[in-house]
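Peer 1: next comes the sequence, and after it the predicted model I'd like to discuss.
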Amino acid sequence: MLLLTRAGPGGRVLLQTRRGSLIQDRFPDLVAAAGQLPGGLVLDGELLVWDTEAGRLSFEALQRRAAAGARGAPALAARWSAYVVVFDVLQEGEELLARPYAEHRARLEALFADHALTAPWTLCPMTTDVTKAQEWLESWTNVSGVEGLLQPGFGVDRLTTMLPVSSSTCHYRLCPRALRRSRRIL
């Protein structure tokens, strides 16, 4: 999912799926929360919905919210809160796609620190340590709704970054980097 913040006064916040559909009318809670973000920002992340009754992530609730019309969206938002696990910043006043991921990550970490971002925004953990990534793969994939790790492709000879994701993360139209998934085999 891509989140595009207001480009200027009176501008709109947009939420775009990986297939290009605009879904901001179905997630009024995220649109309201985007007010704490600076303008001209494009974030790449995973949209998640937490089912408080079940105490877990719910892909079904996410689908219901995504399929709802604008009139039903506030009631569903009250029942199932939406969250965004952000793993990349693609634009911050200027387009960053041609820049190295290390610069993206530094800007993303600064964004979270400078604006003291909390729920519904979560900075996706990142590591270049293979042992730590293996620990994440073993422990985090036991959480309902999390099925593996995402590794941006930086070359086949080295493992550089791994990130936790839920089941719906795929290639994004605007993202130039190839992504590779790692799944735990039971």
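Peer 2: Thanks, I have it. Bear in mind that the values here come from a model prediction, so they are computed numbers and not experimental data.

Peer 1: please tell me how far the residue nearest the centre of the chain sits from Asp25.
Peer 2: Computing the C-alpha centroid of the chain and ranking residues by Cα atoms, centre = their mean puts Gly45 first, at 1.8 Å. Relative to Asp25, Gly45 is positioned 19 Å away (Cβ to Cβ, to the nearest Å). For glycine as for every other residue, the C-beta is placed from the backbone atoms N, C-alpha and C.

Peer 1: and if you look at Gly11?
Peer 2: Per Cβ to Cβ, Gly11 is found 16 Å from Asp25.

Peer 1: which residue packs closest to the residue nearest to the centre of the chain, ignoring adjacent ones?
Peer 2: In space, and not counting its chain neighbours, Gly45 is closest to Val86: 4.0 Å by Cβ to Cβ, 6 or more residues apart in numbering.

Peer 1: okay but that neighbour is in contact with Arg107, surely?
Peer 2: No. Between Val86 and Arg107 there is no contact under Cβ atoms under 8 Å: 11.3 Å.

Peer 1: looking at those two, which is more packed in?
Peer 2: Val86 (20 against 17; other Cβ atoms under 10 Å).

Peer 1: Arg107 contacts Leu90, correct?
Peer 2: No. Between Arg107 and Leu90 there is no contact under Cβ under 8 Å: 10.2 Å.
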